[in-house]
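**Student:** Provide a 3D model corresponding to the input given below.
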Amino acid sequence: MARIVLACGTSHTPLLSMEPADWEARAKNDRANERLIDRSGRVCSYAELAQSVGERYAAEATPQRWASHADTAQRALDRLASEIERAAPDVVVVIGDDEHELFSSANMPAFAVYYGETAISREFARAHDPRTSDPEYAWMHTVARGYAMDRHHAYPVAAGLARDVIERLMELQFDVAALADVPEPAKAGFGHAYGFVRTRLLCDRDIPIVPVMINTYYPPNQPTAARCFDFGAALRTALERCGGDVRVAVVASGGLSHFVTDEVLDRRVVDALDNGTAETLRAIPSHLLNAGTSEIRNWIALGGLMRDRHPGWSTYLPIYRTPAGTGIGLAFAAWHMQPDSLASVGTAGDAYPSTR
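**Tutor:** Numbers count the residues shown, from 1 in each chain. As a prediction, this is how the structure comes out:
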């Protein structure tokens with residue numbers, strides 16, 4: 001059977017590929033955003049958000065705080081990368097979402113698994129995009145490289161394992177979509193949820209991946225939190241029923257709350273993962289899981305997969321880019337399936353600080 005040797009969760013925001021001094025560019029985007037979603041799930045403009053919140057988070061939205069948070073986040077990412085290298089997986093299963101990168105409104109499955117031999121990334125910062133010539137959007141090129149979307153990259157896929165996973169999930173009553181090709185790589189391909197894991201955590205090593213996709217973003221078929229949790233549990237069972245002696249690492253990519261930082265929701269998720277509280281994760285209401293915050297669904301699926309285990313460590317950082325509270329909740333965590341093989345890869349109290 002496939003043996004899960006490590007499970008991880010990571011945020012994949014553009015901020016993690018940018019210098020903290022450049023985070024102001026994203027804050028400027030926030031101030032121009034007419035469709036933010038506040039902590040109640042209401043769509044509002046930045047002006048409306050600021051009117052209701054005032055400058056409550058002004059002390060947090062400073063270059064000094066950004067630099068401190070960036071340092072902690074990068075050390076957490078270094079730790080995740082080191083633990084994946086030490087676990088030596090044969091395959092990395094990436095649970096991510098798609099933002100009209102591979103899919104579109106013509107076809108947006110709730111759950112999908114890719115089983116082609118090669119996954120092609122989508123090009124993000126294109127020369128003909130008018131924003132790329134604007135100095136205010138220079139960060140797009142940096143982020144495109146961090147997301148492996150600066151050009152078309154080819155990732156090896158563990159196609160046989162992926163097909164087995166699809167068949168086992170079908171047996172477990174999860175009717176997942178199955179993809180074996182990227183039909184128009186000039187127009188579509190795998191996006192940031194997968195590219196960030198390849199560049200930052202796998203350090204572009206040619207470890208085969210199995211892309212697992214959840215429609216976190218787009219109504220009307222966004223799965224509920226309970227369904228995502230159950231999907232994660234089924235994914236674990238499916239992997240355990242696959243043939244062959246394969247070492248597997250599982251990575252959930254995305255989240256937590258954004259583009260309005262919601263510490264209450266984020267800590268609800270992180271605490272439930274820390275404590276293995278399944279019902280808390282399964283009960284998160286769908287109206288709070290929209291826009292970027294919807295990527296919490298990927299973490300909930302990871303919680304289902306690791307339902308009987310607690311993470312060895314976790315780090316949570318509430319990032320505020322503006323006084324009105326726009327930003328993101330960054331989270332990083334790892335579940336150690338074989339503690340003896342990972343004992344020398346840091347602890348929560350050393351160079352890789354944990355806020356758990």
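
**Student:** Centroid-wise, who is the farthest residue in this structure?
**Tutor:** Of all residues in the chain, residue 51 sits farthest from the chain's C-alpha centroid, using CA atoms, centre = their mean; the distance is 30.8 Å.

**Student:** Just confirm it is within a helix.
**Tutor:** Yes - going by DSSP: H, G, I helix; E, B strand; the rest coil, the assignment for residue 51 places it inside a helix.

**Student:** ok, it to residue 201 distance?
**Tutor:** Residue 51 sits at a distance of 40 Å from residue 201 (criterion: CB to CB, to the nearest Å). Bear in mind the C-beta positions are built from the backbone N, C-alpha and C, glycine included.

**Student:** Next: residue 37.
**Tutor:** 28 Å.

**Student:** before we move on, what about residue 29?
**Tutor:** 26 Å.

**Student:** Neighbour count: those two, which is higher?
**Tutor:** Neighbour count, other CB atoms under 10 Å: between residue 29 and residue 201, residue 201 has more, with 25 against 17.

**Student:** Need the nearest residue in space to the more buried one, chain neighbours excluded.
**Tutor:** Using CB to CB, 6 or more residues apart in numbering and skipping the chain neighbours, the partner closest in space to residue 201 is residue 81 (5.0 Å).

**Student:** residues of the single longest helix found in the chain that come out buried?
**Tutor:** Ranked by residue count and defined by DSSP state H, the top helix of the chain is helix 63-87. Using 16 or more other CB atoms under 10 Å as the burial criterion, the residues of helix 63-87 that qualify are 65-66, 69-70, 72-73, 75-77, 79-84, 87.

**Student:** which residues of the stretch 201-350 of the chain fall in helices?
**Tutor:** Per DSSP state H, counting those that start in this stretch, the stretch 201-350 of the chain has helices spanning 225-241, 263-275, 278-282, 296-305, 339-342. These are given in chain order.

**Student:** Could you say which of those helices is packed most deeply?
**Tutor:** Greatest average neighbour count among these goes to helix 296-305 (a mean of 29), per mean count of other CB atoms under 10 Å.

**Student:** which helices and strands does that one pack with?
**Tutor:** Using 3 or more CB pairs under 8 Å, 6 or more residues apart in numbering; DSSP states H and E as the contact test, the elements touching helix 296-305 are strand 2-10, strand 91-97, strand 209-214, helix 225-241, strand 246-253, helix 263-275, helix 278-282.

**Student:** how many degrees apart are the second one and helix 296-305 in direction?
**Tutor:** Computed with axes from the mean of the first three to the mean of the last three CA atoms, to 10 degrees, the direction of strand 91-97 lies at 140 degrees from that of helix 296-305.

**Student:** Where does pLDDT dip in the stretch 1-150 of the chain?
**Tutor:** Within the stretch 1-150 of the chain, the segments meeting pLDDT under 70 span 125-136.

**Student:** average pLDDT across stretch 295-314?
**Tutor:** What stretch 295-314 shows for mean pLDDT is 95.

**Student:** Nothing else from me, thank you.
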